[in-house]
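Colleague: just the structure for this:
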Amino acid sequence: MTETTETEDAPKPKPKRMRWSDRPKLSPDAAGRQGRVTKLALETLGRDAAIAYLNADCGKLGGRPLDVAMESAEGFGRVERDLQEKVAG
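Modeller: Now for the predicted structure:
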């Protein structure tokens, strides 16, 4: 028979997780552009291609399309035109 000590029976503390409230918040405008560009990419390219496109660095746009679109209305327009060009071929 093995003896157990109190420390072996004590519950282990859970690792600390980052909460959403600890992260920087997007402005309402940036959040709106994020949602619109995501929807547009999904409708234009399909799920997998949209995820890849939005998260890949794009030299033509000067960064990830998702980030470019969230930065400003002008950035959103540049990403929107780039998606239209991809569809037009």
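Colleague: what sits closest to residue 61 if chain neighbours are left out?
Modeller: residue 68 (4.8 Å; C-beta to C-beta, 6 or more residues apart in numbering). C-beta coordinates here come from the backbone N, C-alpha and C atoms, glycine included.
Colleague: what's near enough to touch that neighbour?
Modeller: Taking C-beta atoms under 8 Å, 6 or more residues apart in numbering, we find residue 68 in contact with 58, 61, 62, 75, 76, 78, 79.
Colleague: again, 10 Å this time
Modeller: Residues in contact with residue 68 (C-beta atoms under 10 Å, 6 or more residues apart in numbering) are 33, 37, 54, 58, 60-62, 74-79, 82.
Colleague: please work out which residues outside the helix ranked longest in the chain touch it.
Modeller: Longest helix of the chain, by residue count under DSSP state H: helix 28-45. Residues from elsewhere that reach helix 28-45 (C-beta under 10 Å, 6+ apart): 25-27, 47, 49-54, 65-73, 75-76, 79-80, 83-84, 86-87.
Colleague: please pick the buried ones from those.
Modeller: Buried members of the contacts of helix 28-45, scored by 16 or more other C-beta atoms under 10 Å, are 50, 53-54, 65-71, 75-76, 79-80, 83.
Colleague: pull the most distant pair out of the residues you listed.
Modeller: 50 and 71 (18.9 Å; C-beta to C-beta).
Colleague: and the helices in the protein, which stretches?
Modeller: Under DSSP H, the chain gives helices at 6-9, 28-45, 47-55, 65-71, 73-88.
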